[in-house]
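Student: Just the structure for this:
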Amino acid sequence: MNSAAKRSHAPEIIVVAGCLIALISFGPRASAGLFQIPMTLQFGWGRDTFGLALAIQNLLWGLGAPFAGAIADRFGLVRVLCVGALLYAAGLVMMAYATTPLQLHFGAGVLIGFGLSACSFNLILAAFGKLLPESWRPLAFGAGTAAGSFGQFLFPPIGNILIETLGWQQALVVFAFTLLPVIPLATMLAMRKTGAAVGQAAAANLPNQTIRQALGEAFKHRSYVLLVLGFFTCGFQLAFITVHMPAYLKDAGLPAWVGGWTLAAIGLANAAGSLGSGWLSSRMPKRHLLAWIYFGRAVAIAAFILIPASPATAIIFGITIGLFWLSTVPPTSSLVMLMFGTKYMAMLYGFAFFSHQVGGFLGVLLGGILYERFGSYDIVWWLSVALGVASALINLPIVEKPVARPQAQPA
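Tutor: Numbering: from 1, shown residues only. This is a model prediction of the structure:
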């Protein structure tokens, strides 16, 4: 075996580096809701102003994901991750010193949105699909997602402490500095496949297939379209809860720490839920797993909004919804890889993730607009329930097998 065919790092190192990047990049984003009340109070903005900034962030995160994935597929992952981390950090600093809505929308919306598209777990999962042996992939997908969830557990309580001790502006600057370790960690993902893995990839991925052909094949494939449509609900629910939950609990008369610890409970439970989902993805039909996850979310949200809010019910809801939080990601990414192989996985999963982020854009935006219009979040909560049931049904007809392709002719 020649040197070009050797791995530069062991699978364990790849998984650890990828998980740390996912943890670091997900943490500040998961803490965004903590800054809504201090910023709107200081500048006299409505929640729709803050909500629009985070809605732009979610939309551009999703819009940039397929392009970041295509660039990483073509030119390598390391540069994409490094540029993404720098954009993300710059966005947090600009958010810290924003004094007008336009500055807030550019920093928290545009810069962080594009930064996330280039350094978040969607690229890490694609890297795992390409760089790890097949036997490692299902659990690695779960571990990468769980690591992002653990970032959600760590960062909100830290964010609360930083806001109370240093102020919200300095808290955002501290979060910006936490992104810098992504740059050295990214170099650990610069590896080549083994000769066997290269051969398998060539057989499974049509090495001469162009990006245009890959996209045409994907969007004519009914199961992929259903998967993409179902993923919309995931983004709607997650983004709405992440951004508006602290304010919702504050409106219910609960202290600020309840919102931070509810988000933390979501992150901790999600670590377990994502690992469990990765394990189950290789042991049961993925479409059934996705249907149960979406239905479970709908039930959890309905129960939460029907019961009077208290610290206990908020934390219990955080744990319950956390088990379903990002547990959609391992089966979704596994289905994309099963259908189309690994060659364009980052790009094709990126399009699925774009649907997720369009949902996130609408969830955050509607949360702010409808709150300002009606003085409550009730409509968006019930819309989240309805979308959960709809996505459970959408995923059931998915066919779990590779796309039909003409057999390659022997040379």
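Student: Which helix or strand contains the nearest residue to Phe219 once chain neighbours are set aside?
Tutor: Distances taken as C-beta to C-beta, 6 or more residues apart in numbering put Val225 closest to Phe219, at 6.6 Å, once the chain neighbours are dropped. Where you see a C-beta, it was placed from the backbone N, CA and C, and this is true even at glycine. Element membership of Val225, judged by DSSP states H and E, is helix 222-251.
Student: And whichever helix or strand comes after that helix, what's buried?
Tutor: Going down the chain from helix 222-251, the next helix or strand is helix 256-281, by DSSP H and E. Across helix 256-281, burial judged by 16 or more other C-beta atoms under 10 Å covers 256-278, 280-281.
Student: what does stretch 123-142 give?
Tutor: 123-132, 136-142.
Student: Inside helices: which ones of those residues?
Tutor: Assigned to helices by DSSP state H, the following of those qualify: 123-131, 137-142.
Student: number of nearby residues for Val110?
Tutor: 17 (other C-beta atoms under 10 Å).
Student: and the closest residue to Ala126 other than its chain neighbours, what is it in contact with?
Tutor: Distance criterion C-beta to C-beta, 6+ apart; nearest residue to Ala126, sequence neighbours excluded, is Ala346 at 3.5 Å. Ala346 sits next to Ala68, Gly69, Ala70, Ala72, Asp73, Asn122, Leu123, Ala126, Ala127, Lys130 when contact means C-beta atoms under 8 Å, 6 or more residues apart in numbering.
Student: residue contacts, the third one?
Tutor: Contact partners of Ala70, counting by C-beta under 8 Å, 6+ apart, are Ile211, Tyr344, Ala346, Met347, Gly350.
Student: Likewise for the fifth one?
Tutor: Residues in contact with Asp73 (C-beta under 8 Å, 6+ apart) are Ala126, Lys343, Tyr344, Met345, Ala346, Met347.
Student: Of those, which pair is most distant in space?
Tutor: Distances among the contacts of Asp73 were taken as C-beta to C-beta; the most separated pair is Ala126 and Lys343, at 10.6 Å.
Student: and the nearest residue to Phe106 once chain neighbours are set aside, how far is that from Gly363?
Tutor: Excluding its sequence neighbours, the residue lying closest to Phe106 (C-beta to C-beta, 6+ apart) is Met94, at 6.6 Å. With the distance defined as C-beta to C-beta, to the nearest Å, Met94 ends up 24 Å from Gly363.
Student: When the two are compared, which one has more neighbours?
Tutor: For Met94 versus Gly363, neighbours defined as other C-beta under 10 Å are more numerous around Gly363 (29 against 19).
Student: which residues of the stretch 1-150 of the chain fall in helices?
Tutor: 11-30, 36-43, 47-75, 77-96, 101-104, 112-119, 121-131, 137-166 (DSSP state H, counting those that start in this stretch).
Student: ok, then the element right after the last one?
Tutor: Scanning forward in sequence from helix 137-166 by DSSP H and E, the next helix or strand is helix 168-178.
Student: Low-confidence stretches in the stretch 201-350 of the chain?
Tutor: The model of the stretch 201-350 of the chain has pLDDT under 70 over residues 201-207.
Student: Contact partners for the residue nearest to Phe106?
Tutor: Counted by C-beta under 8 Å, 6+ apart, Met94 has contacts Gln103, Phe106, Gly107, Ala108, Leu111.
Student: which one of those is nearest Thr320?
Tutor: For the contacts of Met94, the nearest to Thr320 is Ala108 (28.8 Å; C-beta to C-beta).
Student: what's the closest of the helices of the stretch 1-150 of the chain to Phe236?
Tutor: Comparing the helices of the stretch 1-150 of the chain under C-beta to C-beta, the one sitting nearest is helix 47-75, at 9.6 Å.
Student: How far does that closest one sit from its chain's centre?
Tutor: 11 Å (C-alpha atoms, centre = their mean, to the nearest Å).
Student: Give the buried residues for it.
Tutor: In helix 47-75, counting by 16+ other C-beta under 10 Å, buried: 47-73.
Student: Now Phe304: closest residue in space, sequence neighbours ignored.
Tutor: Nearest to Phe304 is Phe317, by C-beta to C-beta, 6+ apart, at 4.3 Å.
Student: host element of the one you found?
Tutor: Residue-wise, Phe317 maps onto helix 311-324 under DSSP H and E.
Student: counting contacts, what elements does the helix holding Val225 pack onto?
Tutor: On a contact count with 3 or more C-beta pairs under 8 Å, 6 or more residues apart in numbering; DSSP states H and E, helix 222-251 meets helix 36-43, helix 47-75, helix 256-281, helix 286-306, helix 329-340, helix 345-374, helix 378-395.
Student: quick one: which of these is nearest Ser25?
Tutor: Comparing these by C-beta to C-beta, helix 47-75 comes nearest, at 10.7 Å.
Student: mean confidence score for the closest one?
Tutor: Across helix 47-75, pLDDT averages out at 85.
Student: now the angle between helix 11-30 and that helix, please.
Tutor: Following axes from the mean of the first three to the mean of the last three C-alpha atoms, to 10 degrees, one obtains 160 degrees for the angle between helix 47-75 and helix 11-30.
Student: got the angle between helix 47-75 and helix 112-119?
Tutor: 30 degrees.
Student: Could you check the angle helix 47-75 makes with helix 77-96?
Tutor: In terms of direction (the same axes, to 10 degrees), helix 47-75 departs from helix 77-96 by 160 degrees.
Student: I'd say Ile398 and Arg287 touch.
Tutor: Yes: assessed by C-beta atoms under 8 Å, Ile398 is found in contact with Arg287 at 4.1 Å.
Student: got a pLDDT number for Cys82?
Tutor: pLDDT, Cys82: 93.
Student: For it, give me its contacts.
Tutor: Cys119, Val182, Ile183, Ala186.
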